[in-house]
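[1] Dropping a prediction and its sequence here:
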Amino acid sequence: MKEATKDTCISLILLAVAMSAIAGLAVIAAFIFREGLPIMFKVGVREFLFSSAWYPGEGRFGIFPMIIGSLAVTVGAMLIGGILGLGCAIVLTQFCPRRLADFLKPSIELLAGIPSVVYGFIGVVILVPLIAEYLGGPGLSVLASSVVLGVMVLPTVTSISIDAIQAVPRAYREGSIALGATQWQTTHMVILKAAWSGIIAAIILGMGRAVGETMAVIMVAGNTLDLPHSILDPVRTLTSNIALEMGYAAGDHRKALFATGVTLFVIIMALNILALMVSRRRARRVGA
Amino acid sequence: MRLSPCVTQRIAVTILWALAATTIAVLLFIVAFILTRGMPHLTLEFLTQSPRSMGREGGVLPMIVGTLWVAGLAVMIAAPVGVITAIYLTEYTREGRLTDVIRFGADCLAGIPSIIFGLFGFVFFVITLGMGFSVVSGALTLALMVLPTIIRTSEEAIRAVPRSYRDVSYGLGASRWDMVTKVVVRSALPGIGTGIVLSIGRCFSETAAVMLTAGSALRMPTSAFESTRTLALHFYILAREGISMPKAYATASVLILAILAINLCAYWVMRRFVAKVR
């Protein structure tokens, strides 16, 4: 075979394999939607998304409290994880001796591998009793889930923020210091401003992880079907609804769980696309 | 009142250090908490025996074997696909709409929650393809899940190979395929290895997706078509159903130690790789 033909053949084979990621995504979407959409239309999309009645036995499926639950837990998690993670990233890149930072950054990345169930477990053993004793309520609550998820996303938010801050050209910092700005003025007026879109991307990715987390949330959220009225009330999230009932669900009930998956899938894809757009804008700006 | 820059600087630095210290303290506390309670129960018998009475007694050998099966098989499937995708993206095509689409697919796949992978694996592998709750179903699902990580890390590793390597091998008359396989991939191997090792770690810590695809059988898996229970899922069940706290702590310790070792190993390989390229 001629060299050029061989090269074209190889190229085509590689292309076919390279399409597997996008094919995988398409197949996943297709199957989740095929299983979930019909029941969504059968119950009525509005009824499904905005009703609070989840009685699988009577064929009534409303996931409104779970959407609110997922939302509440995620916002809480991002407040905790975002602030702590960003603070940590700023210290490690700006105020920390080089040696210490070189040790701490990889340690934080190592911790990103701790299984989420372990975070949930620590939540049950330590956090939940503390909340029940000092703040009242059952302990299993929005607050407990937020803290557990916030801590869980810390390594992700920290390490991506560090990358974003380190991508800011050195000259910016040096220029600002040379103009007589203090280190803190330089950090918040120059560096954070330049790294902003990267940090936002880090926070959105963290949100994606928090919305999608299942087992850790099941352990600390309490999983009731009621709409939460305070952060001390128990909640059920979209993810835990699926994992809790999948084991015994059948027929329409199982399809409704897939429809819950469809809702989750749409939320996650929206977050992903948002994160991609934000980080792409940054890439273009830094490139120019 | 306007504070002077020096005062704000001092206040800001104090607050930031407090935040950073909290972060690091919390993360270290979690590891220490589990290990101090788990290590006393982590005996040789625990690692080499089968569980008795739902895990109240005995050890976790079948779960260790099951975890290795599922994670190993998943990575064996995902690694070739991921590396080939990375080769295509870096060496065989120009940046354009097609590469954007492939990268977009990989990025989105990376963001999908594990429970969705679980649901998909359940309808597709377990039911539609009739594989049942088994090691294969679990491994195929996890393979899809770690694919983006492998693509990303391999791509970065391949990009880091200096241009001159490619120029020299072309200069010596190598074809593109020879150049890629014999020069580029070989020098990017440690970087690719890091991605693969990190993926094994992710498979180890996954719970939701394996629960819906590999099942939760307690016995030792003897073939790839049998159901198994991974360590992470075993820990979840022990803790959630309150079967045995000492066993739960011990299982969590095994899991954390294994993952720390895996990540440390990946980190070490990467360090050597970076040192070599520089």
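    Here it is on my side, so go on. Residues are numbered from 1 along each chain as shown, chains lettered A, B, ... in the order given.

[2] who touches stretch A:13-31?
    Contacts to stretch A:13-31, defined as C-beta atoms under 8 Å, 6 or more residues apart in numbering or on different chains, come from residues A:265, B:81, B:84-85, B:87-89, B:92-93, B:101-102, B:104-106, B:108-109, B:112, B:116-117, B:120, B:123-124, B:128, B:144, B:147-148, B:151. No exception for glycine: its C-beta is placed from N, CA and C like everyone else's.

[3] Give me the distance from it to the chain's centre.
    23 Å (C-alpha atoms, centre = their mean, to the nearest Å).

[4] Output the below-cut-off pLDDT ranges for chain A.
    Within chain A, the ranges that satisfy pLDDT under 70 run A:1, A:282-288.

[5] What segments of it are strands?
    A:54-55, A:60-61 (DSSP state E).

[6] dump the residue contacts of the residue lying closest to B:Met179 once chain neighbours are set aside.
    Computed as C-beta to C-beta, 6 or more residues apart in numbering or on different chains, the closest residue to B:Met179 that is not its neighbour in sequence is B:Ser169, at 4.3 Å. Applying C-beta under 8 Å, 6+ apart, one finds that B:Ser169 lies in contact with B:178-179, B:182-183.

[7] want to throw those into TSV with neighbour count?
    Shown next, in TSV, are the contacts of B:Ser169 (neighbours: other C-beta atoms under 10 Å in any protein chain shown):
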residue	neighbour count
B:Asp178	13
B:Met179	19
B:Lys182	12
B:Val183	18
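
[8] Look through the stretch 51-200 of chain B and state the residue closest to chain A.
    B:Pro113 (2.5 Å; C-beta to the nearest C-beta).

[9] center of chain B, which residue is that?
    B:Arg202 (2.3 Å; C-alpha atoms, centre = their mean).

[10] pretty sure that residue contacts B:Ile150?
    No: B:Arg202 lies out of contact with B:Ile150 (C-beta atoms under 8 Å); the separation is 10.3 Å.

[11] ok, and what's touching stretch B:6-22?
    Applying C-beta under 8 Å, 6+ apart, the contact partners of stretch B:6-22 are A:83-84, A:86-88, A:90-92, A:95-96, A:182-185, A:187-188, B:3.

[12] pLDDT averaged over it - what is it?
    Averaging pLDDT along stretch B:6-22 yields 88.

[13] Quick check: buried residues in it?
    Of all the residues in stretch B:6-22, those buried under the rule 16 or more other C-beta atoms under 10 Å in any protein chain shown are B:9, B:12-13, B:16-17, B:19-20, B:22.

[14] Near residue 223, how many residues? Count them for me, please.
    You didn't pick a chain, so chain A it is. Counted with other C-beta atoms under 10 Å in any protein chain shown, the neighbours of A:Asn223 add up to 19.

[15] um, chain B though
    9.

[16] and if you look at the one 5 residues further on?
    When neighbours are defined as other C-beta under 10 Å, B:Thr228 has 27 of them.

[17] and it, how far is that from A:Leu244?
    22 Å (C-beta to C-beta, to the nearest Å).

[18] swap in A:Trp54?
    11 Å.

[19] re earlier: what's the pLDDT at the residue nearest to B:Met179?
    For B:Ser169, the predicted pLDDT is 88.

[20] all helices in the stretch 1-150 of chain B, in order from the N-terminus.
    Assigned by DSSP state H, counting those that start in this stretch, the stretch 1-150 of chain B shows helices spanning B:5-38, B:44-48, B:61-91, B:97-111, B:114-121, B:135-159.

[21] so where's chain B uncertain?
    Looking at chain B by pLDDT under 70, you get B:1, B:274-278.

[22] Can you spell out the domain ranges of it, please?
    Domain assignment for chain B by automatic domain parsing gives B:5-41, B:44-277.

[23] Just name the most buried of the ones you listed.
    Mean neighbour count (mean count of other C-beta atoms under 10 Å in any protein chain shown) peaks for domain B:44-277 among the domains of chain B, with a mean of 20.

[24] Could you tell me how far that one lies from the centre of the chain?
    Taking mean C-alpha positions (C-alpha atoms, centre = their mean), domain B:44-277 and its chain are 5 Å apart.

[25] can you check stretch A:10-20 too?
    With C-alpha atoms, centre = their mean, you get 31 Å for stretch A:10-20.

[26] that older thread, in helices only, show me the contacts of B:Ser169.
    B:Asp178 (DSSP state H).

[27] picking that back up, let me know which of the strands of chain A is the nearest to B:Gln49.
    strand A:54-55 (42.3 Å; C-beta to C-beta).

[28] picking up where we left off before, is the residue nearest to the centre of chain B located within a strand, as I assumed?
    No: checked against DSSP: H, G, I helix; E, B strand; the rest coil, B:Arg202 lies outside a strand; its state is helix.

[29] Now do the same contact list for the nearest residue to it once chain neighbours are set aside.
    Nearest non-adjacent residue to B:Arg202, counting by C-beta to C-beta, 6+ apart: B:Val146, 5.5 Å away. By C-beta under 8 Å, 6+ apart, the contact set of B:Val146 is B:74-75, B:78, B:82, B:199, B:202-203.

[30] Dump those residues into TSV; add distance to A:Leu271 as well.
    Formatted as TSV, the contacts of B:Val146 follow (distance: C-beta to C-beta, whole Å):
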residue	distance to A:Leu271
B:Ala74	25
B:Val75	27
B:Ala78	24
B:Gly82	23
B:Ser199	23
B:Arg202	20
B:Cys203	24
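
[31] what residues does the stretch 151-288 of chain A put near chain B?
    A:151, A:154-155, A:158, A:181-185, A:187-188, A:205, A:208, A:211-215, A:218-219, A:239, A:242-243, A:246, A:257-258, A:261, A:264-265, A:268-269, A:271-273, A:275-276 (C-beta under 8 Å from any C-beta of the partner chain).
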